[in-house]
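Enquirer: Would you be able to build a 3D model of this:
(one chain, ligands or ions: 2)
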Amino acid sequence: MNVLPRKMDCLQMEEKWQRQWEADGTHRYDWDDDTRPVYSIDTPPPYPSGDFHMGNFLNWTYFDVRARYKRMRGYNVLFPQGWDCHGLPTEVRVEKAKGIRKSDVPPDVFRRMCEEWIEQYIGIMKTAVIRMGCSVDWTTEYRTMEPEYMRKIQLSFLQLYEKDMIYKGEHPINWCPRCETAIADAEVEHETKRGRIYTIPFYTDDGEVLIATTRPVYLPACVALGVHPEDERYRHLIGGKARVPVFGQEVPIIANDEVDPGFGTGAMMICTYGDKADVVAVARFNLPVVKLIDGRGILQTVAGEYAGMPIAEGQEALVEDMREAGLIKEEHELDQEVGLCWRCDTPIEVVTALQWFMRTISLTDKVVETAKRITWYPDWMRQRLIDWATGLDWDWVLSRQRVFATPVPAWYCKSCGKIRLAKPEELPVDPKVTSIDDVCECGGTEFVPDTDVMDTWFDSSLTCAIHAGWPDRPNWRRQFPASVHPSGQDIIRTWAYYLMVRHLALFDETAYESALINGMVFGSDGRMMSKSLGNYVATPEVFSKYGADAPRQWAAAGGSTGTDIPFRWEDVEYGWRFMRKLWNACRFTGMRLQDYDPAEGVEPMLLDRWIVSKLQRTVKKATEAMENCDFMNATEATRNFIWHVFCDHYLEAAKTRLYGDGDGKKAAQQTLLYTVERMIKLMAPIMPHIIEEIWRTMYDPNASIHLSAWPMYDEAMIDEEAEKTGDIVIAAISDIRREKNRMGVSLNASMKSVKLFASGNEAEALRLGSTDIKDTLKIESLEIFAGGGGDMNLEDYPEIGFTVTL
Ligand SMILES: [Zn+2]
Ligand SMILES: [Zn+2]
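Expert: Ligands and ions are numbered 1, 2, ... in the order given. Sure thing, here's the model as predicted:
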């Protein structure tokens, strides 16, 4: 056995092992192995923002601890890594950097600019993932912007179309007038804002009917007046007509039991579309749709003299004019919920547009049933997915009107308009770049491309199948469904949900068997970490000060799984001090084992049996915690054992034997070899580098600890008697040592006499451990008396007294 050097050079050792693991293929998934069970991790491909923050660090620590633990449990672990490249933020950055608008250059040229731009950001994130010691199999690396990946996404599009799970239709959708694109429900942020509500007269044969609305600007698009069928005030008007103020159109008065008679005046205007309730009413009563705004949110001709104005400006002008004309009968402020675009905070409008949709609403029951069946870490996250899925009203709008994304693989016949979808062998394809050589049923030979692209969530919500090798690997189902989908609680409604519906629609099977959800990372002041708040900690700063193993302990033990945790330098420093403690203990062990001959087994002594029994309990606790993704308790149980049981008590008590000779020494050596091997394995998933260094130095220079077997709980090693007796002996040793220290005597100095006073059973325990007590504390004469007495009492055993004479 080799001895660890005095200096613990973490930064150097971490980089050394990262290179070595990659060179040795330590973390490779074996695609041909059919002997070991498979554990497949659905690593979410991150959007490369150019920054790897402590929140990312927390995510990847969870992924990696899980991967390393499962490998040690004998699984063939698939830990892939991809990058989710497409999206508007990159387009905007490229436009700024190059000083162009995306429409200034051909779409394929603009696409290439975006690809080059994103590549540098991938570099930054990849470096960080490697630097923190993630056991990713880099042979699986992929980018969602690659032709190979786009081919798979487009193929899934065709298959879903074939199954009638994708359709093109004219439906109301959420629209961001600034980004000029459709957006999905998941991309709408809801906020409460202060607004105004106006009371306005409509005219009927029976006089005025007042309605209350926050958006008079929608009057030109009013298509009906709704009242509750049992509302006595209005019942006689049902079936008649009402004239809209200012714009003059006549609209039917309809009975709608969705109208709340207690809200406002009890009469409600139905417009296309003021909000989602309007969408429901229009569909239910088969009302016409009036196009009020265009894609940029500009009022159209139907708005009369307000046409050409942006919607907010139009509202202001109209309200002003109505006030002057006496058409505002009442107005006051109120709080209202508004939907905002997640990217630019512009208020969302609801418009009707011809878009591509994926059927998701019809899958809701299946989603709920699947969410109930699979395992959630922690369990209470399950409800978040169920609540989100059951709260959705609309199918998923897939198409976006942008450039840097996966193109919709479709053309239309120029003469008859019939859709011509790409064939699987034509993929990947960008119809805007590649023209199609075909003959339509109508005889037409000219085709125009579909210019839409897909929501980037459509790229990233097929990873469970793609990681598994779909559609090319014949045995892809061996890796599918993913064993675990790990992700943040903030993206359950997007990532976890879209994965679920997408895979259910395509394969009629769950995407993942379990979901591991992490919380958010806060600054040490308890607020969301952000550069503007000054509580932001950058990962390179942490790496250069402490390396990776110390902050990984913060991530694993900083809070229970799923809860938000603050970043605390003190936790990282604590992790660092723990590593020093472990390093020194292992270095000492290595030195004391130089002359050990494992062939000569001897009977273990009391404290040897005591520590091994405590070790077994730790193995049991840590294993149970690891199984449940409870990284905090797994880490705490092991660190406490190593630091406060093994180092503080066992090593101190065994030192004299280890420096001595004979069977006592051999028993201690054999115990050290056994205990250190197991206790470092328990920490291997949490701090992989330092543990590898210790392992290769002391146990096996040629094989990684990360491919060794996780220690198994051995009930036969549990020795309750030894634990009970050992606890008393250890308590006596540490309290007498504390007393020695208090008296200002060096720990190495000997004591003339110690008298211990205890009742029958405890006196017996102390007698059994008397050699350990005597040797550890350097006591010349140790006497044990049955019964009470002594100047002081043991802290944990107040019935045991003692007297020390120097
Ligand atoms: Zn926007
Ligand atoms: Zn045709």
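
Enquirer: What is the neighbour count of the closest residue to ligand 1 within the stretch 551-700 of the chain?
Expert: Closest residue of the stretch 551-700 of the chain to ligand 1, C-beta to the ion: residue 564 (27.4 Å). Heads up, the C-betas are built off the backbone N, CA and C, glycines and all. If you count neighbours by other C-beta atoms under 10 Å, residue 564 ends up with 15.

Enquirer: which of the residues in stretch 156-175 are buried?
Expert: Neighbour-count burial for stretch 156-175 flags 156-161, 165-166, 168, 171-175 (criterion: 16 or more other C-beta atoms under 10 Å).

Enquirer: re earlier: residues contacting the residue nearest to the residue of the stretch 551-700 of the chain closest to ligand 1 when sequence neighbours are not counted?
Expert: Nearest non-adjacent residue to residue 564, counting by C-beta to C-beta, 6 or more residues apart in numbering: residue 519, 4.0 Å away. Applying C-beta atoms under 8 Å, 6 or more residues apart in numbering to residue 519 gives the contacts 58, 488, 489, 559, 562, 563, 564, 565.

Enquirer: 6 Å instead, please
Expert: Counting by C-beta atoms under 6 Å, 6 or more residues apart in numbering, residue 519 makes contact with 489, 562, 563, 564.

Enquirer: Let me have the buried residues of stretch 156-175 in a markdown table, adding pLDDT, secondary structure and distance to ligand 1 as columns.
Expert: As requested, the buried residues of stretch 156-175 are exported to a markdown table (pLDDT from 0 to 100; DSSP: H, G, I helix; E, B strand; the rest coil; distance: C-beta to the ion, whole Å):
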| residue | pLDDT | secondary structure | distance to ligand 1 |
| --- | --- | --- | --- |
| 156 | 98 | helix | 27 |
| 157 | 98 | helix | 24 |
| 158 | 98 | helix | 30 |
| 159 | 98 | helix | 31 |
| 160 | 98 | helix | 27 |
| 161 | 97 | helix | 28 |
| 165 | 97 | coil | 27 |
| 166 | 97 | strand | 24 |
| 168 | 93 | strand | 23 |
| 171 | 84 | strand | 20 |
| 172 | 86 | strand | 18 |
| 173 | 88 | strand | 13 |
| 174 | 90 | strand | 10 |
| 175 | 90 | strand | 9 |
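
Enquirer: thought residue 422 was touching residue 409?
Expert: Yes. Assessed by C-beta atoms under 6 Å, residue 422 is found in contact with residue 409 at 3.7 Å.

Enquirer: Need the residues touching each of the two.
Expert: With C-beta under 6 Å, 6+ apart, residue 422 and residue 409 have common neighbours residue 429.

Enquirer: if we can go back for a sec, state the distance from the residue of the stretch 551-700 of the chain closest to ligand 1 to residue 41.
Expert: Going from residue 564 to residue 41 by C-beta to C-beta, to the nearest Å gives 23 Å.

Enquirer: And residue 350, by the same measure?
Expert: According to C-beta to C-beta, residue 350 and residue 41 sit 39 Å apart.

Enquirer: the more surrounded of the two?
Expert: Neighbours were counted for residue 350 and for residue 41 using other C-beta under 10 Å; residue 41 has more, 27 against 17.

Enquirer: nearest spatial neighbour of that one, skipping sequence neighbours?
Expert: Per C-beta to C-beta, 6+ apart, closest to residue 41 is residue 79, 5.0 Å.

Enquirer: For the chain, which residues are neighbours of ligand 1?
Expert: 176, 178, 179, 341, 343, 344, 346 (C-beta under 5 Å from the ion).

Enquirer: List just the nearest of these to residue 588.
Expert: Proximity to residue 588 was ranked across the residues of the chain next to ligand 1 by C-beta to C-beta; first place goes to residue 343, at 56.9 Å.

Enquirer: The longest strand seen in the chain - contacts with which helices or strands?
Expert: In the chain, with assignment by DSSP state E, the single longest strand is strand 188-204. Counting contacts by 3 or more C-beta pairs under 6 Å, 6 or more residues apart in numbering; DSSP states H and E, strand 188-204 is packed against strand 207-213, strand 241-243, strand 330-341.

Enquirer: for the stretch 651-800 of the chain, what spans make up the helices?
Expert: 652-659, 663-683, 688-698, 720-742, 760-768, 770-777 (DSSP state H, counting those that start in this stretch).

Enquirer: Deepest-packed of those, please.
Expert: Of all those, helix 688-698 has the most neighbours on average by mean count of other C-beta atoms under 10 Å, namely a mean of 23.

Enquirer: and it, what other elements does it pack with?
Expert: helix 10-24, helix 569-592, helix 663-683.

Enquirer: how about the second one: buried residues?
Expert: Meaning helix 569-592. The neighbour-count check on helix 569-592 (16+ other C-beta under 10 Å) flags 571-572, 574-576, 578-579, 581-583, 585-590, 592 as buried.

Enquirer: Would you mind naming what in this protein lies close to ligand 2?
Expert: Counting by C-beta under 5 Å from the ion, the chain comes close to ligand 2 at 413, 415, 416, 418, 440, 442, 444.

Enquirer: Mind checking which of the residues you listed are buried?
Expert: Counted by 16+ other C-beta under 10 Å, the residues of the chain next to ligand 2 give 413, 440, 444 as buried.

Enquirer: Roughly how far does the residue lying closest to the first one once chain neighbours are set aside sit from residue 419?
Expert: Meaning residue 413. Spatially, and ignoring its direct neighbours in sequence, residue 413 is nearest to residue 440 (4.0 Å; C-beta to C-beta, 6+ apart). Distance, residue 440 to residue 419, using C-beta to C-beta: 10 Å.

Enquirer: Check residue 583 too.
Expert: 66 Å.

Enquirer: for residue 650, same thing?
Expert: Shown here: residue 650 relative to residue 419, a distance of 75 Å by C-beta to C-beta.

Enquirer: which one of the two has more residues nearby?
Expert: Set residue 650 next to residue 419 and count neighbours by other C-beta under 10 Å: residue 650 wins out with 25 against 13.
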